[in-house]
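Asks: mind looking at a prediction? Sequence and model below.
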Amino acid sequence: MGTRARKAGGRRGGTPAPKGRPPAAGGRARTRPAVARSPSAAGEPPVAVRAARPGDLASVTAIDAEVTGLAKPAYWRGIFRRYGASAKVGRHLLVAEAAGEVVGFIIGEVRDWEFGSPPCGWVFAIDVHPGARLSGIGTKLLAGIVSAFRRAGVTTIRTILSRENALVLSFFRSQGMMAGPFIPLEMELD
Ligand SMILES: CC(C)(COP(=O)(O)OP(=O)(O)OC[C@H]1O[C@@H](n2cnc3c(N)ncnc32)[C@H](O)[C@@H]1OP(=O)(O)O)[C@@H](O)C(=O)NCCC(=O)NCCS
């Protein structure tokens, strides 16, 4: 999936939730969360998107474990080593924080000339804590990484997602992303 980075970074703010959508696969049904953690008229704490710090490792690992049902502490230690404090070389690990609590994260990287493509920004993962969804945090995280990509001179972002993950597909489509010019291929190696 790929598109020009034209929508993320600019939208949002009090958009009413569309009615009557089916529950999305790979995530929760579209109901407003019991704990909405982005700013609202109810005076909820503001959400800040910032570069991850070493102290965020446990929170990010826990959110991923809750979303995927699989704890991967060694994997996340490696991700923090590779992406933490690596913005200068085009690697970004951002977290969303509300009231001192990490409620989501996004990972991405600028990659040059892979697959014959001019430099572009890849989004590898995005997760928002299930209790904090549908309040704009995913949008803010994507906007944060798009800003970083833009600062690096990148004008296209790409991602790959499971065909079964209708929730993530709905999210990326809502941000303006569309099918791109590449197709994934794979085969089993026995
Ligand atoms: C996808 C995800 C990041 C969205 O985070 P979020 O904070 O809820 O997103 P936002 O509130 O910014 O929603 C932005 C838009 O996405 C779409 N969207 C989000 N959740 C949706 C849902 N459950 N059903 C349909 N559309 C949805 C909507 O268009 C929404 O805009 P709207 O509220 O104005 O209609 C979050 O649901 C998540 O972490 N899901 C699991 C991710 C995952 O599987 N990760 C592993 C692979 S990377």
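Replies: The structure has been received and is ready for your questions.

Asks: now the helices: where do they sit in this protein?
Replies: 57-68, 73-83, 137-151, 166-174 (DSSP state H).

Asks: which of the ones you listed is buried the deepest?
Replies: helix 137-151 (a mean of 22; mean count of other CB atoms under 10 Å). In this view, the C-beta of every residue, glycine as well, is placed from N, C-alpha and C.

Asks: in the chain, what residue lies closest to the ligand?
Replies: G138 (2.5 Å; CB to the nearest ligand atom).

Asks: please read off the pLDDT at that residue from the model.
Replies: G138 is assigned 98 on the pLDDT scale.

Asks: all numbers from here: first residue = 18
Replies: That works, and once the first residue is 18, the last one we named lands at G155.

Asks: for it, what are its contacts?
Replies: 121, 143, 145, 188 (CB atoms under 8 Å, 6 or more residues apart in numbering).

Asks: please repeat the previous calculation with a cut-off of 6 Å.
Replies: 145, 188 (CB atoms under 6 Å, 6 or more residues apart in numbering).

Asks: next one: it from A142, what distance?
Replies: For G155, the distance to A142 (CB to CB, to the nearest Å) stands at 12 Å.
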